[in-house]
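**Q** I would like the atomic coordinates for the input below:
(one chain, ligands or ions: 1)
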Amino acid sequence: MTSAFRPDFEALQVSNLHAYYGESHILHGIEFEVRRGELITLLGRNGAGKTTTLRAILGLTGRRSGSVNLNGQEVIDWPTHRIAHLGVGYCPEERGIFASLSVEENLVLPPQVRSGGMSVEELYAMFPNLAERRKSQGTRLSGGEQQMLAMARILRTGANLLLLDEITEGLAPVIVQKLGDVLGALKTRGYTVILVEQNFRFAAPLADRHYVIEHGKVVECISREQLPSRMDALHQRLGV
Ligand SMILES: Nc1ncnc2c1ncn2[C@@H]1O[C@H](COP(=O)(O)OP(=O)(O)OP(=O)(O)O)[C@@H](O)[C@H]1O
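**A** Next comes the predicted model:
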């Protein structure tokens, strides 16, 4: 560890990030940044490289190159578990709930990556549905309950930079609204969020900036202030 090393996350800067799955070159020099307490989105059509970007930050793709700088620390060559211990939590699209374990067992299973994680009781206060289902098996949860559990689980680990992949996909409007409230509350508490999202209406009010990805490259960065004047161009890019 260098003397500049500080485990608490303040900023992530991704520069010239290339990533591969086997021989397939998927990311072609991704560039973006996010600072503590910000929420940014990665937008783009299917197959643009949004999920791969989240996975590449954590070292979950094949070969990768370029720079992933976390709070002044270059982590491009680090293994995933070391990166996670800087406070990075990943919520994959498939959620990864253990079907044979109860809600509470799922919650307490992952090891803490840093101090300051939320307690189980704090999480039940944030997600009352989970409190009611604390003894239920993973298989018996609705899609919305599974998503809340997946979010709650990374909050318990102490992660404060959250990489969230399509968390609203397939969920009822009332659950989507609840997830929006939770993200707003987390932002207020200083959490930092990178959101891959197809539901732009969900993401727009929460986000400080939007990065549009096409063919493994960021082709546009749109701030909250610029959004009203760039909506038409954005719709065209996303094909919606
Ligand atoms: N494990 C893998 N092996 C090989 N190619 C992959 C793998 N995962 C993804 N890809 C390819 O990488 C490209 C980017 O996929 P990625 O999942 O990052 O896109 P995305 O923008 O998240 O889109 P979606 O919304 O469809 O998930 C696609 O062409 C996809 O087929």
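**Q** surely residue 95 and residue 145 touch.
**A** No. The pair residue 95 / residue 145 is not scored as a contact, 10.4 Å apart, by Cβ atoms under 8 Å. C-beta here means a position set from N, CA and C on the backbone, and glycine is covered the same way.
**Q** identify the bridge partners of residue 24.
**A** On the basis of DSSP bridges, residue 24 is bridged to residue 21.
**Q** residue 171 touches residue 147, doesn't it?
**A** Yes. Counting by Cβ under 8 Å, residue 171 touches residue 147, with 6.3 Å between them.
**Q** how near is residue 111 to the ligand?
**A** Using Cβ to the nearest ligand atom, to the nearest Å, residue 111 is found at 26 Å from the ligand.
**Q** count the neighbours of the nearest residue to that residue once chain neighbours are set aside for me.
**A** Ranked by Cβ to Cβ, 6 or more residues apart in numbering and with sequence neighbours excluded, the top spatial neighbour of residue 111 is residue 157, at 7.1 Å. Counted by other Cβ atoms under 10 Å, the residues lying close to residue 157 total 20.
**Q** residues in contact with residue 157?
**A** Residue 157 makes contact with 89, 110, 111, 112, 113, 114, 117, according to Cβ atoms under 8 Å, 6 or more residues apart in numbering.
**Q** still on that earlier bit, so residue 171 and residue 147 - more neighbours on which side?
**A** Using other Cβ under 10 Å as the criterion, residue 171 and residue 147 rank with residue 147 on top: 26 against 20.
**Q** give me every residue in this structure lying close to the ligand.
**A** Within reach of the ligand by Cβ under 6 Å from any ligand atom, the chain has these residues: 21, 24, 26, 44, 46, 47, 48, 49, 50, 51, 52.
**Q** so what does the third one have for phi and psi?
**A** Same thing as residue 26. phi -100, psi -50 (degrees, to the nearest 10).
**Q** mind pulling up the pLDDT for residue 47?
**A** The model reports residue 47 with a pLDDT of 95.
**Q** give the rounded mean pLDDT of stretch 152-161.
**A** Averaging pLDDT along stretch 152-161 gives 95.
**Q** and it, how far apart are its ends?
**A** Criterion Cα to Cα, to the nearest Å; first-to-last residue distance in stretch 152-161 is 14 Å.
**Q** how about the nearest residue to residue 204 once chain neighbours are set aside, what does it touch?
**A** The shortest distance from residue 204 to any non-neighbouring residue, by Cβ to Cβ, 6+ apart, is to residue 227 (6.7 Å). The contact partners of residue 227, by Cβ under 8 Å, 6+ apart, come to 204, 210, 234.
**Q** next, residue 227: phi, psi?
**A** Dihedral angles for residue 227 - degrees, to the nearest 10 - are phi -60, psi -50.
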